[in-house]
Each structure stands twice: as structure tokens, then as C-alpha cells.
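**Q** make a model of this:
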Amino acid sequence: MTTTTLAVLVPLLPFLGAAAGLAVGRTAPGFVRPLAVLPTLAAAVLAVLVAVRQGGNTVIDAATELTPTGSLPITLGLHVDGFAALVAVLVGVVASCVQIYSTGYLREDPRYPSYAALVSLFTAAMLLVVYTGDLMVLLVGWEIMGICSYFLVGHYWETPEARSASLKAFLVTKLGDVPFLFGLFALAADAGTFRIDGVLSAVASGDLDHPTVVALLLLAGVAGKSAQFPLHTWLPDAMAGPTPVSALIHAATMVAAGIYFVARLLPVFAASAAAMTVLAVMAAVTMVGSALAALAQDDIKRVLAYSTIGQLGYMAGALAVGDRGAAVFHLLSHAAFKALLFLAAGAVIHAAGTNSLTAMSRMSGLAKRIPDAYWTMTVALLALAAIPPFAGFFSKEAVLVAAEHTALGDRPGVPAGAGWTVLVAGLLTALLTAAYALRLWLRTFRGRGPEAPDHGRQPIAMTSVLWVLAVPSLGFGLSALVLDDWFDGESLLPTLTTAVLGTGLAVAGGAVTYAVWRSLAVRAVPQPAAPHVAHPDAEASLVEAEALHLPHPAEDPADPGRALLGPLYGPAAAGFHLDALYRKFFVRPVLGAASLVRFLDREVVDTYVSGAAGTAKGLGWLVRRAQTGNTQTYLSALLAGSVVLAIAAVALANAFAGA
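**A** Numbers count the residues shown, from 1 in each chain. Got it, this is the predicted structure:
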């Protein structure tokens, strides 16, 4: 079987699994789990075979015209280079782990068949984005992921949090997708083709007439999809969905699509210094802001969500300084430890039997009860904090090295200011990342909250996946020694300067956090037992918490985040009130305009319509009253009318004669 055929089967198998799962999910429930796991697992194996055959330094191109158009044909094509091959392996492996994990996590969920089918469709859409060679086909996969995220985030639609989160995720990403669509059209119009290789050739020959406009329009879509400032606010709220979905969205699909898109078309963005500067500033604000917000969250999944936003900022920063190899390397490394973090958090939730314990202030006694989650999450947090030799150290250092080279002017064509912006923000974020990572570990596994009832051992489908993902979280960074050919031939090894600065700041952030926690833990007061909430992914209400005298997260005395952030704690916990600003400047004006339109429709338009109908009805009543059926009445009316007309005619004649 040719490599091209294998590559075609990679996105096709999960798509067929999704279609079959939706078709037989209710009639043959015994086939649901095999249809969820086996096609995705087979796609992962085929993706590995494609990567092995591709070799990293060759490009696989194949295309057939999908439909003729008046000017720019749309093709169904493949473009598999080293980046695409590695990202496809990542998507297949993480999606397989999520599907296997979900068989245990959602084994009692009555909507598991539709959930599993949507996860398969989600996976197929991302693989289509990764392998396609045509921008319009890429857009199809891009939008399918959007609708899949809407349904999966809203899986627990009975809860208002899930309903609002799914709607918010859909609308905010669509806000970026509209200019993204116009950017694709403008790019194709300038390049004369939708083919990605044709677009890159046009950029190389200088045929793009409006590179800045095109790049900025495309960046709007990337900001929405990859949760970059200012369109990042949907991602923390998306935690209302099942935890395995969070792992899939944060690690391998959806948010990874925007970063991968910029990496694929980096020459388009590099053609505009203004666009690269905007991308650098966006990445810097995203990194620092999300790290501060993560340090103030009490919900473990929201901490991880803001962590994802910050790590995506690192990737965007690497792209802003012109190094797509470092960006994709961190994308791959981050996928492993972030999927592990979310799935380990899911094990915590599953062990407690209630999602009220996603609040870290209400956790205790978990290290001994769920040792698999404890040890694997420890590995993942060390990788997140970029402690050597864990994977995150090597990939984050690759980003900092790229920023350092650009700041020193070693990368022509990229503004040095972009390099300094990314470098300073990256170092500050390294300090904050280690702080919130250690804070999460301490409060989750060493906290003094109420101990939840023991719900027994974790299913092996869940614990085995955790250990599988722990391997790349620990050792993937070492692949920087041997995978140069897969990343444009550039070295990904750290330098002494950035390694010392980055690691030193991370150690300092962890040490200060631990010292503050120790001082606060002495004064912490044990809390009463947490309420049991039957629904596995619905937070306990504040009413229940107050009735049981549980402390509000903002009042938790053992939180080192409050001491570290000081006056920034409140704004950071609220996401710096961006949602409030959007509500004030965008949502309220739209609602006001809608109310005005409704008023005009009801009070003005309906009044005229009702008046016209009433007039016609009144005239009809008068005519009907005049129809008496008496001939003498009709003749009398005719005679009276004739007399009136005659008098009127004489009067008019006299008037004209006098004039």
C-alpha cells in the first residue's frame, strides 16, 4: 500500500467510525466502544507508518480537482511534510488515549454513544486539517471542529454552565472565523490558488499584494481557535464539558489547529513585519496574563485551562520570531503532558465521585487513594514547569532560544523587538508557571480540605492511559537530539544562557510558592466534608457550599496564590474582567439594539399592519351594510349620487369660468 493511500486512510477511518457509531449506537450498544476505539487506534498506527515512510526530510504531495470553479479550483489534496507527519501522530495517539480513557470514565453515561462518535469526528476533522494541501478543505475541517466542540462542551446540557459554555465557545470562535474566511479569500485571490504549495510559491516570488491585511485577518481566526488574547475567554469556561473532552481540545485538536495553521503558512505572516509584531505582542500578553490568572484559580480544571492558554502563547511567540520548528516541537511536547494533566484531573474527579472537588480548597487524602494519578500528574507538572530533564524543559527552551536569536538580530526579516518581547514574557511566564504548577500539586495532593468518600479503584482503562502518556511527558524532550530533520533541520537544543535563566526562574517560583504555602498551612483550619453531587461534571452550587459552611474559594486561608499576587488576586481570579468588558461594550449594545428592533417591529410595523387590516375591515363593513337588497334604496342612492355629481360639475365649471 502506497504512502499516499495510507495518508488518505488516516482521517478517513475515524470519520467512518463516527458515522457507524451514530448509526448503530442505539440499536447495537455493544458495538459502540469498539467503533470508538478501534478506528482511532488504527488511524494512529497508520499515522506512525506515514511518518516513518515520510522520513522527515521529504514531502508527499498528491491532489485531484474536487470541483471546477470559475477561477480558482478547489482540490482534494495531501501535503505531508515533517511537521504534518508528526502532528498527525500526536493527534492519533492522544485521541486514542482519550477514547480508551472515556470507556471507563463515562461507562455509566447514557449519552456515551453520541459522545464517542463526536470525539471520532473531532479527530477526523483535525487530521484533515493536518494532512490537507488545500485551504478550502482545511476550512472544512476547521469548522467541523468548531461544531464538534459545541456539542461536546455542552454534553451535560442539563446544567446551565454547560449550555452557556458551549454557546460561548461557538460564538467567540466564530467571531474570529469571519475575518479568517475573508483572509483565506484574499490570500487565494493574491496567490491565484487555494493550494498551500501554490500560496507558498507566490509568497516566495513576492506575488502577495496585501500581505499585512491578509496576515491580520488570518490572525483573528487563529486567536479565536487557539485561545489567544483577546479571544481566549471561551477556553476556561469550556471546562463544563467532560474532562476527557478537555484533554482532547487542549492537547491535540481545536486549539492546536491555529498554531499548526500559522506554522504551515509562516512565510505568509513573515512577509509582514507588522503582522509578526502583532503576533509577538499577542503572544506576550497571552503568556503573562494567563499565568497570572492560573495562579488565582481554585478550580483545578480552570488552572489547567489557563495553563493551556499560556503554553499556546509560547508557541505563538516562537512563530512570531520566525521559528516554526520550536513552535511545533513545543506543540508536541505540550500535548503529551497537558493530556496527562487533564486525564489525571479526571481521575481525581472520578475518585471523588463528585465534580465539587475540582475546587482545590476542598481536597485532601488523594495521594494515597489514587497513586496512579498522583505520580503521573507529578511527572506532568514537572514537565509543565520546564524542570530538566522533563519534556517541557527542552521544548520551552527551544522557544526561548529562538526568541534570543531574534532579539540579537540573528534572524533577518523578523523585527528584533518581537524577539525581546517574546523573550522577556517567556522568562516571566516560566517563573509564574512553576508557581502555579506547584500550587496546584500542593493544594490537590497535600491540601487540608474535606476528604471525599472513597469510590473504589480506578478502572484500568483510565490508569493505563495515564502511564502511557507519562512516558512522552518524561522523555519526549530528548528527541530534540535526533529529530532535527523533522524541524527544518534547525537545532532544538537549549543554550546555556536561556537554560540557566529559565530553569533558575522556575526553581525560584517554585521555592517561593512552597515557602508561602508552608507558612499558610500552619494556620489552615480543617474543613467539613464536601457535599456529594451525583452528576460527574456539574459543580456544586454556592448555595450548597454555604449551607454546609464550606469556605468560598476567595476566602481560603491556605491559598499561596493570594499572598503571591496581593492586589492582583481578585482581578486575576476573574480573568481580569475581560468577560465583563465584552458584556458591557459588545453584549449589552447588541441586546439593546435587539430590544429596539423588537419595539419597532411590535409598536410601529405591527401598528401599521394592524391599521391597514382594520381600515380594510371597516370599509368592508360599510359596503356590507350598504347592500340591503332593496331596489328602491339602490335607485335612490343612484339618483342622489347623480345629483351630487351634477352639482359638483356645475360648481367646477363656474369656478373655471370665473377664473
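
**Q** tell me the centre residue of this protein?
**A** Val255 (4.4 Å; CA atoms, centre = their mean).

**Q** gap between the nearest residue to it once chain neighbours are set aside and Tyr582?
**A** Excluding the flanking residues, the one nearest Val255 by CB to CB, 6 or more residues apart in numbering is Ser226, at 4.9 Å. The way it works is simple: take the backbone N, C-alpha and C, and place the C-beta from them, glycine included. As judged by CB to CB, to the nearest Å, Ser226 and Tyr582 stand 18 Å apart.

**Q** more neighbours, those two?
**A** Ser226 (28 against 17; other CB atoms under 10 Å).

**Q** my guess is that one contacts Ala256. True?
**A** Yes - at 7.4 Å, Ser226 counts as touching Ala256 under the criterion of CB atoms under 8 Å.

**Q** sorry, back to before: what sits against the residue nearest to the centre of the chain?
**A** If a contact means CB atoms under 8 Å, 6 or more residues apart in numbering, then Val255 has Lys225, Ser226, Ala227, Leu235, Ile249, Thr308, Leu312 as its contacts.

**Q** read off the pLDDT value for it.
**A** Among the per-residue scores, Val255 shows a pLDDT of 93.

**Q** now it: phi and psi?
**A** Backbone torsions of Val255, given as degrees, to the nearest 10, read phi -70, psi -30.

**Q** tell me the SS of Val468?
**A** helix (DSSP: H, G, I helix; E, B strand; the rest coil).

**Q** that one - how many residues pack around it?
**A** With other CB under 10 Å as criterion, Val468 counts 19.

**Q** isn't it up against Cys97?
**A** Yes - using CB under 8 Å, Val468 is in contact with Cys97, at 6.3 Å.

**Q** okay, and the helix or strand of this structure with the least pLDDT?
**A** Among the helices and strands of the chain, helix 542-547 carries the lowest confidence by mean pLDDT, DSSP states H and E, at a mean of 36.

**Q** beyond that one, next helix or strand please.
**A** Of the helices and strands lying after helix 542-547 in sequence (DSSP states H and E), the nearest is helix 560-565.

**Q** what's around His250, how many residues?
**A** 30.

**Q** so what's it closest to, chain neighbours aside?
**A** Once flanking residues are discounted, His250 sits nearest to Thr308: 4.4 Å by CB to CB, 6+ apart.

**Q** sorry, back to before: wait, what's in contact with the residue nearest to Val255?
**A** Contacts of Ser226 by CB under 8 Å, 6+ apart are Val255, Ala256, Ala257, Gly258, Ile259, Leu312, Met315, Ala316.

**Q** would you agree Asp61 falls within a strand?
**A** Yes - with three-state DSSP as the criterion, Asp61 is located in a strand.

**Q** contacts only, for Cys432.
**A** Careful, residue 432 is Leu; it's not Cys. Val288, Ala291, Leu292, Ala294, Leu295, Gly509.

**Q** quick one: which of those sit in helices?
**A** Val288, Ala291, Leu292, Ala294, Gly509 (DSSP state H).

**Q** with neighbour count and pLDDT added, can I get those residues in CSV?
**A** Converted to CSV, the ones in helices among the contacts of Leu432 look like this (neighbours: other CB atoms under 10 Å; pLDDT from 0 to 100):
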residue, neighbour count, pLDDT
Val288, 19, 96
Ala291, 27, 96
Leu292, 26, 96
Ala294, 27, 95
Gly509, 26, 95
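
**Q** max-length helix in the chain?
**A** Longest helix in the chain, counting by DSSP H: helix 160-191.

**Q** and the next helix-or-strand element following that one, what other elements does it pack with?
**A** Counting by DSSP H and E, the element after helix 160-191 in chain order, helix or strand, is helix 196-204. With contacts defined as 3 or more CB pairs under 8 Å, 6 or more residues apart in numbering; DSSP states H and E, helix 196-204 has these neighbours: helix 135-153, helix 160-191, helix 266-270.

**Q** just give me the neighbour total for the nearest residue to Ile147 once chain neighbours are set aside.
**A** Of all residues not flanking Ile147 in the chain, Phe170 sits nearest, at 7.6 Å (CB to CB, 6+ apart). When neighbours are counted by other CB under 10 Å, Phe170 registers 19.

**Q** wait, what's in contact with Phe170?
**A** Gly146, Ile147, Ser149, Tyr150.

**Q** return the members of the residues you listed classed as buried.
**A** Gly146, Ser149, Tyr150 (16 or more other CB atoms under 10 Å).
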